[in-house]
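Engineer: Sharing a model that was predicted from the sequence below.
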Amino acid sequence: MGMVDPKVRMQREPRRQLRNRVTWITFGEGDAKRECTVLDVSPGGAKIVTDVAIDVRDRFGLTLMPEHPGRYECEVVWRRGKTYGVKFVQ
């Protein structure tokens, strides 16, 4: 029986690197947008980073393309400084 190295991370979903794509966090309908950067994205969520320390709420909207009116509703699942792991919620 083999042992699994606890230092090896297993990704749950395939991730796509976005080469630091600029996106926008929105809090509520029509509220001000805050710029952030998406580091990677998967079907279930994303890893984002903010340039400055802002109060990122537990839930917010994420707009990936400025010309596209749609946005993803997100929930923060982990925080490390200015980097956040978010999952997309329905």
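Structural biologist: Looks like it came in fine. Numbers count the residues shown, from 1 in each chain.
Engineer: and stretch 47-66, which residues are buried?
Structural biologist: Residues Lys47, Ile48, Thr50, Val56, Phe60, Gly61, Leu62, Thr63, Leu64 are the ones in stretch 47-66 that count as buried (16 or more other CB atoms under 10 Å). Bear in mind the C-beta positions are built from the backbone N, C-alpha and C, glycine included.
Engineer: Strands of the chain, start to end?
Structural biologist: Using DSSP state E, the strands assigned to the chain run over residues 16-26, 33-42, 45-49, 59-63, 72-80, 83-89.
Engineer: The last one - which strands sit beside it in the sheet, and in what orientation?
Structural biologist: Sheet neighbours of strand 83-89, with direction, are listed as strand 45-49 (antiparallel), strand 72-80 (antiparallel) (DSSP bridges).
Engineer: end-to-end on stretch 50-63?
Structural biologist: End-to-end distance for stretch 50-63, by CA to CA, to the nearest Å: 14 Å.
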